[in-house]
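>>> I would like to see how this sequence folds:
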Amino acid sequence: MIKKILEYLGLRPKKPISQPSELVEFIHRNASFVSQVVLLTYIKARAGTQYPKLFENREYLKSIEIARSNIYAACVADLIFYVINEHCLKDIKSQKIHFILPRLVDEVFTFAKYDEKVVEEFNEMKKRCKEQINILNIEKTDHKLFKMSSDTFFKWAPMAEEFKKDDEEIMRNSILFRWIEVRRELRSRIEPSLIFS
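Numbers count the residues shown, from 1 in each chain. This is a model prediction of the structure:
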């Protein structure tokens, strides 16, 4: 426990990501964190002092959960695509990529199913995530990093469309900025040659 606290505070380096299971956990935890934080931060900022009342409304709570599920799936797709394309391509034979991407999605969602208490419809989310991975894989030359999670956040955030239209740049930047630290940490910890050996 003390090791984890010291790692969190940056007083002790985090251990390298050298096992497939560690990569799966990293992807899940960061996709879950980013999807939840950006969504709730935006709702809180937009709702202002009415924020607590929103959480008394069951219908609104359901819409938050639907939004988070969609954003989580897009975050997983974006992060898996980033990990493989930016850090692992030289350690994976090209013919194995088509097997590794969907397998990673399966493993992340299996891990998430046991870790998450609220997120529902995992099979549907996993299916959407695999579709998104396929799109990214086909269009990779035109892919802007983490655009899918940005688009999904903008589409699914449960807020009036006129507010979202006014807030689009802020919303997109807020999720893109969240990925900066995730990418920095990944660069310093990942050891692809061990994960895919």
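>>> worst-scoring helix or strand of the protein, pLDDT-wise?
Ranked by mean pLDDT, DSSP states H and E, the weakest helix or strand in the chain is helix 2-8, scoring a mean of 57.
>>> helix or strand right after that one?
helix 20-47 (DSSP states H and E).
>>> for that next one, packing partners?
Packing partners of helix 20-47 (3 or more Cβ pairs under 8 Å, 6 or more residues apart in numbering; DSSP states H and E): helix 51-54, helix 58-83, helix 94-115, helix 147-156, helix 161-189, helix 192-195. Yep, even glycine has a C-beta here, placed from its N, CA and C like the rest.
>>> list the buried residues of stretch 47-61.
47, 54 (16 or more other Cβ atoms under 10 Å).
>>> who touches that stretch?
43, 44, 158 (Cβ atoms under 8 Å, 6 or more residues apart in numbering).
>>> indicate which one of the helices and strands packed on helix 20-47 is closest to residue 14.
Closest to residue 14 of those is helix 161-189 (Cβ to Cβ; 5.8 Å).
>>> mean confidence (pLDDT) on the closest one, please.
The average of the pLDDT scores along helix 161-189 is 94.
>>> what is it packed up against?
Counting contacts by 3+ Cβ pairs under 8 Å, 6+ apart, helix 161-189 is packed against helix 20-47, helix 58-83, helix 147-156.
>>> can I get the ones you listed in CSV with mean pLDDT and distance to residue 174?
Shown next, in CSV, are these (pLDDT from 0 to 100; distance: least, Cβ to Cβ, whole Å):
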stretch, mean pLDDT, distance to residue 174
helix 20-47, 94, 5
helix 58-83, 90, 12
helix 147-156, 93, 8
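>>> between those, which one is closest to residue 183.
If we rank the helices and strands packed on helix 161-189 by Cβ to Cβ, the stretch that ends up nearest is helix 58-83, at 7.2 Å.
>>> in that closest one, what counts as buried?
For helix 58-83, burial by neighbour count (16+ other Cβ under 10 Å) applies to 63-65, 67-83.
>>> can you give me how far it is from the chain middle?
Helix 58-83 sits 7 Å away from the centroid of its parent chain (Cα atoms, centre = their mean, to the nearest Å).
>>> now it and helix 20-47, what's the angle there?
Relative orientation of helix 58-83 versus helix 20-47 (axes from the mean of the first three to the mean of the last three Cα atoms, to 10 degrees): 140 degrees.
>>> now helix 58-83 and helix 147-156, what's the angle there?
Angle, helix 58-83 to helix 147-156, by the same axes, to 10 degrees: 170 degrees.
>>> got the angle between helix 58-83 and helix 94-115?
Using the same axes, to 10 degrees: helix 58-83 against helix 94-115 is 150 degrees.
>>> of the helices and strands packed on helix 20-47, which is nearest residue 38?
Closest to residue 38 of those is helix 161-189 (Cβ to Cβ; 4.7 Å).
>>> off-centre distance for that closest one?
Computed by Cα atoms, centre = their mean, the chain-centroid distance of helix 161-189 equals 11 Å.
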